[in-house]
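# coords please:
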Amino acid sequence: MLKITGPRTWTRSERAVDDQPPMVRNRGHFRFNTVSALFLVLFLVMGLAAQALSSGFLDSKTIAYLAGGVFGAAAVIAFLPFWPTVVVAIACLWAVPPVVLEGNFFLFAAVITPGLLIAPGFEVINQWDKAVLLRLGKFHRVRGPGIIFLLPLVDSVAGYVDTRIRVSDFSAEKSLTLDTVPVHVDALAFWMIWDPMKAVLEVQDFQQAVTLSAQTALRSCIGSNTLTTLLCERERLGEDLQRILDEKTNPWGITLISVEFKEILVPEELEDALSRVAQAEREKKSREILGEAEVAVSSKYAEAANLYRGDPTALRLRAMSMIYESMRNKGGLVLVPSSALETMNLGPVFGAASYGAAAGAVPDVLPEAVKKAAGGGAAEREMPSGMEGAAESERSGPHSERAPGEEER
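Take a look at the predicted model:
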């Protein structure tokens, strides 16, 4: 079955790898630097001086042609830093000036030839770089930092290696987890080269090798774990990736310092489902905490009930305290069943409080409705059944006609 596809779409990680310049191989056998240019200028001055002493005074045109030829050769060598280029430039200096200027310039060429051979051999290596040297195509040594010298036509630099800690950004797009959820994961790898010789000679491009190895290990890690594990155990997965990559890159002279997950993206259609699951988990946890609190409160209530069971007076005081607290905080009227009042024996208490407030013995803290209910209830409970009619007539009459003995009762 044939499958027709459009042009390939490169992922961001693949574009990042392709955009990075190769950092393993050195383009050429050496680097024509400032020190090389200074040495070449010195040999140019010496060659012009030797030519002037041998053939007499040199006019400005001749000096300009000779200097321009040397500088042109230096530009070609800097652009193509290979020893064969140096040999061709030397041959041109021996052959071209006698033909163009129609004179004998062999002494000038004899002085410039060592300059063109020695000047490219001076290398300046930075503090964080190491240069891997080859002699006649075989590994010779690792040099740097500082100024080093290459034997002309024999030594060459296989590569300049940066030994500082590097960071590589890699990702795995649309990778399936163990529970078949497509995710996009971005991660960072921190690594460094501890053996420049192995990094140059054992692998063609260690930068790309590390990045692609990290991508492969990341996809394998995603496929062997669920989405919940990826979201909750990033540090452990990063340590596992670091260990796997370090075992793989250690033969190349490279060590992985750490691997960190930058972000984990899930499809938009799964975000709502994940949010509902998280909300349900929080609701479940809140209900469990509420249930534990109910169990604790019920155990305390059971202990209080055991204490009140043997002490009815304490139970009445507790009920009275609850009613008082409700009235004090809200300042309203509290309605309780008559059976509760009979149980707590509140009638005599409120009645006594009402009579005490009327006599001025205690402060008036009870509402009017409570006073009336308490006063009538207390009088009815305290008077015998034979005197109920008299008490009713006395209450209906004016207060000034009551006897002092009856007020005290």
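# relative to P81, how far out is the nearest residue to R166 once chain neighbours are set aside?
Nearest residue to R166 in three dimensions, chain neighbours excluded: W191, at 5.9 Å (Cβ to Cβ, 6 or more residues apart in numbering). Yep, even glycine has a C-beta here, placed from its N, CA and C like the rest. W191 sits 29 Å away from P81 when distances are taken as Cβ to Cβ, to the nearest Å.
# what is the neighbour count of the residue nearest to R166?
Other residues near W191 come to 24 when the count uses other Cβ atoms under 10 Å.
# run me through the strand neighbours of the helix or strand where it lies, direction for each.
Secondary structure assigned from DSSP states H and E places W191 in strand 182-193. Based on DSSP bridges, the pairing partners of strand 182-193 within the sheet are strand 166-176 (antiparallel), strand 254-265 (antiparallel).
# can I get those in CSV with mean neighbour count, distance to A75 and mean pLDDT?
Rendered in CSV, the data for these read as follows (neighbours: other Cβ atoms under 10 Å; distance: least, Cβ to Cβ, whole Å; pLDDT from 0 to 100):
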stretch, mean neighbour count, distance to A75, mean pLDDT
strand 166-176, 17, 33, 87
strand 254-265, 17, 37, 89
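# and of these, who's closest to A199?
Each of the strands paired with strand 182-193 was scored for nearness to A199 using Cβ to Cβ, and the closest is strand 254-265 (6.1 Å).
# which residues touch the closest one?
The contact list for strand 254-265, computed with Cβ atoms under 8 Å, 6 or more residues apart in numbering, reads 165, 169, 183-194, 199, 206, 210, 214, 230-231, 234, 237-239, 241-242, 245-246, 249.
# isn't V100 right up against Y65?
Yes: distance between V100 and Y65: 6.8 Å, which falls inside the contact criterion (Cβ atoms under 8 Å).
# and these two? Which one has more around it.
Using other Cβ under 10 Å, the more surrounded residue of V100 and Y65 is Y65, with 16 against 11.
# what's the helix or strand for that one?
Remark: Y65 resides in helix 60-79, with elements defined by DSSP H and E.
# for that helix, packing partners?
helix 34-55, helix 83-101, helix 106-118 (3 or more Cβ pairs under 8 Å, 6 or more residues apart in numbering; DSSP states H and E).
# could you dump the longest one to CSV, C-alpha only?
Included here for helix 34-55 are C-alpha records, laid out as CSV according to Å, rounded to 0.1, in the frame of the first residue of the first chain:
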residue,chain,number,x,y,z
THR,A,34,47.4,37.3,14.7
VAL,A,35,50.7,35.8,15.9
SER,A,36,51.2,34.2,12.5
ALA,A,37,50.5,37.4,10.7
LEU,A,38,53.1,39.3,12.9
PHE,A,39,55.8,36.7,12.2
LEU,A,40,55.0,36.8,8.5
VAL,A,41,55.4,40.6,8.5
LEU,A,42,58.7,40.3,10.3
PHE,A,43,60.0,37.9,7.6
LEU,A,44,58.6,40.2,4.9
VAL,A,45,60.7,43.1,6.3
MET,A,46,63.7,40.8,6.5
GLY,A,47,63.3,39.7,2.9
LEU,A,48,62.9,43.2,1.6
ALA,A,49,66.0,44.3,3.5
ALA,A,50,68.0,41.3,2.2
GLN,A,51,66.8,42.0,-1.4
ALA,A,52,67.7,45.7,-1.1
LEU,A,53,71.2,44.8,0.1
SER,A,54,71.8,42.3,-2.6
SER,A,55,70.5,44.2,-5.6
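# which strands and helices sit next to that helix?
Under the contact criterion of 3+ Cβ pairs under 8 Å, 6+ apart, the helices and strands touching helix 34-55 comprise helix 60-79, helix 106-118, strand 122-125.
# one step back: which of the contacts of strand 254-265 are buried?
Among the contacts of strand 254-265, those classed as buried by 16 or more other Cβ atoms under 10 Å are 183-189, 191, 193, 199, 206, 210, 214, 230, 234, 237-238, 241-242, 245, 249.
# so how far is the helix ranked longest in the chain off the chain centroid?
Under DSSP state H, the helix in the chain containing the largest number of residues is helix 268-309. Taking the mean C-alpha point of helix 268-309 and that of its whole chain, the gap between them comes to 33 Å (Cα atoms, centre = their mean, to the nearest Å).
# right, and the helix or strand after that helix?
Defined by DSSP H and E, the subsequent element after helix 268-309 is helix 312-330.
# and the angle for that following helix with helix 268-309?
For helix 312-330 against helix 268-309, the angle between stretch directions is 130 degrees (axes from the mean of the first three to the mean of the last three Cα atoms, to 10 degrees).
# by contact count, what packs against helix 312-330?
Contact analysis of helix 312-330 by 3+ Cβ pairs under 8 Å, 6+ apart lists helix 268-309, helix 338-344 as its packing neighbours.
# just send the ones you listed back as TSV, with mean pLDDT too.
TSV is the format used below for those (pLDDT from 0 to 100):
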stretch	mean pLDDT
helix 268-309	82
helix 338-344	60
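# so which of the ones you listed comes closest to K61?
Distances from K61 to each of these were compared using Cβ to Cβ; the shortest belongs to helix 268-309, at 76.4 Å.
# show me what that closest one packs onto, helices and strands only.
Judged by 3+ Cβ pairs under 8 Å, 6+ apart, the packing partners of helix 268-309 are helix 312-330.
# export the helix it packs on as PDB, just CAs?
Coordinates of the C-alpha atoms in helix 312-330 are reproduced here as PDB (Å, rounded to 0.1, in the frame of the first residue of the first chain):
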ATOM      1  CA  PRO A 312     -27.900  16.200  86.000                       C
ATOM      2  CA  THR A 313     -27.000  19.600  87.500                       C
ATOM      3  CA  ALA A 314     -24.000  19.900  85.200                       C
ATOM      4  CA  LEU A 315     -26.300  19.100  82.200                       C
ATOM      5  CA  ARG A 316     -28.700  21.800  83.200                       C
ATOM      6  CA  LEU A 317     -26.000  24.400  83.700                       C
ATOM      7  CA  ARG A 318     -24.600  23.500  80.300                       C
ATOM      8  CA  ALA A 319     -28.100  23.900  78.700                       C
ATOM      9  CA  MET A 320     -28.500  27.300  80.400                       C
ATOM     10  CA  SER A 321     -25.100  28.400  79.300                       C
ATOM     11  CA  MET A 322     -25.900  27.500  75.700                       C
ATOM     12  CA  ILE A 323     -29.100  29.500  75.800                       C
ATOM     13  CA  TYR A 324     -27.400  32.500  77.500                       C
ATOM     14  CA  GLU A 325     -24.600  32.500  74.900                       C
ATOM     15  CA  SER A 326     -27.200  32.500  72.100                       C
ATOM     16  CA  MET A 327     -29.100  35.400  73.600                       C
ATOM     17  CA  ARG A 328     -25.900  37.400  74.400                       C
ATOM     18  CA  ASN A 329     -24.400  37.100  70.900                       C
ATOM     19  CA  LYS A 330     -27.400  37.700  68.800                       C
END
